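K.L.:
no sequence for this one, just the structure:
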């Protein structure tokens, strides 16, 4: 296959930009649309949809209980609901949360800063920890540190999130560290193995044998060749961070998007869940697109 | 280091045997409630004491180890295989398959799978044997956990697709399938190994969280997940109540310590 | 206005100087996000807590004496043969923004409450309230007349918060001791002292004593415990038993076991003929002997001792002993007797073979019980019942589901076999449980929405409930409901398991605390509470 692809010059090597951007954006939009619809269908057909704990309130008359059920009538057909929802979104209205009794736009505006703060700091902390533990292990071949790092990573992975929350709370620590501790084991494992593979390449062994210092060895011959996987790992860690945020915000009662997602899920709040799914789909795909754009299809490994 | 690896391996083997043959270490069934002895301290009759319902903690721990130590790695293996298949094929083949796979992966990462799990629970019969509930739970976890690793495997395979290695293999007339299996996937094995190892404790804890949706290992069959849940409040009557957590830390650490330290590039 | 506030401050300062502490911030937790601040639309616990502290009501049920007390109504009388009430209203009262309170506000509140489109639980409690007639016989009087007699009408007004007809703040203008000053969604609600609150203490000084109340929205009880121990919170309500015991060891002066609350745990079998269950299982569940045998097989003492650590007692029936007037003291909890259980089952045609019970058609007796996941006490109850039934050869499968899925099964699909849930009675009067006991009602859990009573005893319960609902004489009403409780004890549609004790923790810095077994426990007399001077000054 000999297709013409746009190229750019970078550091003296030619990179092939992975995919035309407009097509990728179209794909992202289509996937987000599909994700929203699938999410709507899943919530709609899950048991307990359209019901409320008010069903068990013995004070309510039959008419009132039927009114509670009827309040979800517009959501019963997921296709129709979804089409109407997009119409409203294009007019700037994200809908109303019945379970929390507030406009969704207000809910997002109130809660997004907490989640952004938590996930960015948590991701940063996790990456720092993962790099601190994996780089010396790989580059300096410190086996004892490797063993210690493995044990620490295993311990961090084994602790239940709620237990970490209590521990941190007692010590006066912040929930940001929780995200870091939850993400760190996975990041460390991936990072260490990716770097180990990169450092096992023949050219690295040669460079090491020739006495190259560890800093240029690390940057030029270990991290640079592994950049595709590292960038993909960054993109994936954004999604993992949000997943961790859902659990941590629910446990620590932090009023962020993660807690909103959990509350909406338990209450089967369809409009909120569709909004969150579309948002997560867009963020996930945009970050993956950026990762893909930065991924070189290199002609040579050296 | 080799000595540490051997020690870790031996410890793992011992724990696995203890979990498979718990009657050697304790006679009490895991579900029997000695109601006159709730929260009993460590004693000869109960080496780890009893829980709040008077059940032998050691017995529950050993049976729970059996469930989690067998099921969680199986689930991790399932998700690793799926990540290898989807991510490997997507990265290697490229084109429309890659685009479709990427869309599928991104959807997997975005959708609220909570509802799929709730729907699965709704379709399962109410009177489900505990063992089947354990298999279903871990099976679901494995089926839903492959997406992040697939992304990274894909990135690695995309890079390898244009490498000299693969170009030469193709030039020699080796078919794509063989190139993928023999030359590409082995080079992303470190990622897959990382996925496998990292997933085991995560899946054990995920099983406990699935208990909140009605999935999870059904009572009275213990698992590490449901043994750890009471500890989430940070309140425990004595040190022996922390045994499930300590054991899990030991097992996972041993597991990580047994991994080979060097990666060979083919 | 400024001079008035200055005078108030001076008065409070003078009071503080005489030793009665004023000021400070009371801090405790709500366990879920409040859904509304409109007193008429309250349906969840957190919103109810805020309503209790902010809304003014005509009549208050004193949580300690369980008697009715005048609030915004200085007196009242029942009129029109129990179909109505006339209230004489308190004068010189104002809302938190200074808007004067008048009979028109009561009329406006009632018109809004009984709007047929509102569907407020409080309105439905009046049963037939949509046909209410509102009269103003005098400037300071309001008469409400309903189409049919409303049993125990007076105590229902404890839940009707009065709205202002004129205030620009609408439902946010309050007549209670506090008003909602700030709301940070997901995080906290701040209440500030109502400067126009009408109530005074014995020395004639205005109330409340505490300046502000901060309500943290915190679901995690373990984190709440840590904050209480640190002094960041002044009280904890509905303390879980294991946390209570820990606190008792560390801060014995702070914890109080108030005795039986109105809350209990119960299980029931699905007796609906429409349930998608095998016919032989329906036969089991519809058999009184089967239900009585299961009840006899459950060791309630052990449940209370192990699950609730002694902070509960075996339940006698739907009414807790905490409900002084309505409790039927002649009832006793079903005795634990596995032999009696097996005898009863054998009389019903069941046989025990090799440790497994079989029915007359040789079906192994095995069924499931659904309960809500995440409630650790209930999960333990289910596990203990599982063991108890195993002793008589019955295999019980515990199925934990999320709450919405449970509601779906027990109220819509009816696809369940038995269910274990809790019962929370906020209202003392059993008339509030009408929709549980009437066979035609949707909350008649074991067999809802019957077109006609399926059994003679359900028909009898229907008759008794309707009789007590239209009877004005409290003694006669009690006699009717006592009989309902006796029938329930004999027929066992519900197996009442345990009545939980009310467990609270109150910081020693909180003065005048006199927690009640009735909700809202420690803050039922919030206007009288005070913080110790060193805490007030913080």
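P.N.:
Happy to help now that I have it. Bear in mind that the values here come from a model prediction, so they are computed numbers and not experimental data. Residues are numbered from 1 along each chain as shown, chains lettered A, B, ... in the order given.
K.L.:
List the contacts of residue C:107.
P.N.:
C:134, C:136, C:142, C:165 (Cβ atoms under 8 Å, 6 or more residues apart in numbering or on different chains). Quick note: C-beta positions are derived from backbone N, CA and C, even for glycine.
K.L.:
Same list (those) but as CSV, adding neighbour count, distance to chain A and secondary structure.
P.N.:
Putting those into CSV (neighbours: other Cβ atoms under 10 Å in any protein chain shown; distance: Cβ to the nearest Cβ, whole Å; DSSP: H, G, I helix; E, B strand; the rest coil) gives the following:
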residue, neighbour count, distance to chain A, secondary structure
C:134, 17, 20, strand
C:136, 14, 28, coil
C:142, 25, 23, strand
C:165, 18, 24, coil
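K.L.:
I'd like to know which of those residues is nearest to chain B.
P.N.:
Looking at these and their distance to chain B, the nearest is residue C:165, at 44.7 Å (Cβ to the nearest Cβ).
K.L.:
Correct me if wrong: that closest one contacts residue C:104.
P.N.:
Yes - shown here, residue C:165 and residue C:104 form a contact pair, counting by Cβ atoms under 8 Å, at 5.1 Å.
K.L.:
Could you list the low-confidence segments of the stretch 51-200 of chain C?
P.N.:
In the predicted model, the stretch 51-200 of chain C carries pLDDT under 70 at residues C:128-130.
K.L.:
just the strands in it please.
P.N.:
Applying DSSP state E, counting those that start in this stretch to the stretch 51-200 of chain C gives strands spanning C:59-61, C:68-70, C:73-79, C:84-89, C:133-135, C:141-145, C:178-184, C:188-193.
K.L.:
give me the low-pLDDT residue ranges for chain A?
P.N.:
The model of chain A has pLDDT under 70 over residues A:1-19, A:295-302.
K.L.:
Scan it for its longest helix.
P.N.:
Using DSSP state H to define each element, chain A has its longest helix at helix A:104-139.
K.L.:
Any part of the one helix or strand residue C:29 maps to near chain B?
P.N.:
Assigned by DSSP states H and E, residue C:29 falls within strand C:25-30. No - using Cβ under 8 Å from any Cβ of the partner chain, strand C:25-30 stays clear of chain B, coming no nearer than 15.2 Å.
K.L.:
That strand - contacts with which helices or strands?
P.N.:
The contact analysis (3 or more Cβ pairs under 8 Å, 6 or more residues apart in numbering or on different chains; DSSP states H and E) places strand C:25-30 against helix C:45-54, strand C:212-217, strand C:235-236.
K.L.:
model confidence over it, on average?
P.N.:
For strand C:25-30, the mean pLDDT works out to 97.
K.L.:
Stretch C:247-265 now?
P.N.:
Averaging pLDDT along stretch C:247-265 yields 94.
K.L.:
quick revisit: among the helices and strands packed on strand C:25-30, which is the most enclosed?
P.N.:
Of all those, strand C:235-236 has the most neighbours on average by mean count of other Cβ atoms under 10 Å in any protein chain shown, namely a mean of 24.
K.L.:
Can you name every helix or strand that it contacts?
P.N.:
Helices and strands touching strand C:235-236, by 3+ Cβ pairs under 8 Å, 6+ apart, are strand C:25-30, helix C:221-230, strand C:494-506.
K.L.:
quick check, the last one touching chain A?
P.N.:
No - contact between strand C:494-506 and chain A is absent, the nearest approach being 12.9 Å (criterion: Cβ under 8 Å from any Cβ).
K.L.:
tell me the angle of that strand relative to helix C:221-230?
P.N.:
Interaxial angle of strand C:494-506 relative to helix C:221-230 (axes from the mean of the first three to the mean of the last three Cα atoms, to 10 degrees): 30 degrees.
K.L.:
Repeat that for the first one.
P.N.:
With the same axes, to 10 degrees as the basis, strand C:25-30 and helix C:221-230 are set at 160 degrees to each other.
K.L.:
ok, the host helix or strand of residue C:268: who's next to it in the sheet?
P.N.:
Assigning secondary structure by DSSP H and E places residue C:268 in strand C:255-269. Here strand C:255-269 is paired, per DSSP bridges, with strand C:418-424 (antiparallel), strand C:494-506 (antiparallel).
K.L.:
and among those strands, the most buried is which?
P.N.:
Mean neighbours per residue, mean count of other Cβ under 10 Å, is largest over the strands paired with strand C:255-269 for strand C:494-506, with a mean of 25.
K.L.:
That one: what's the following helix or strand?
P.N.:
For strand C:494-506, the following helix or strand on the C-terminal side (DSSP H and E) is strand C:510-511.
K.L.:
what pLDDT does residue B:213 get?
P.N.:
In this model, residue B:213 is scored at 65, pLDDT.
K.L.:
quick one, what contacts the residue of the stretch 51-200 of chain B found nearest chain C?
P.N.:
Relative to chain C, the nearest point of the stretch 51-200 of chain B is residue B:126 (3.9 Å; Cβ to the nearest Cβ). By Cβ under 8 Å, 6+ apart, the residues touching residue B:126 are C:368, C:370, C:397, C:399, C:415, C:416, C:417.
K.L.:
Can you add distance to residue B:12 and neighbour count and give these back as CSV?
P.N.:
CSV is the format used below for those (distance: Cβ to Cβ, whole Å; neighbours: other Cβ atoms under 10 Å in any protein chain shown):
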residue, distance to residue B:12, neighbour count
C:368, 37, 19
C:370, 38, 26
C:397, 33, 21
C:399, 34, 29
C:415, 43, 16
C:416, 42, 24
C:417, 42, 24
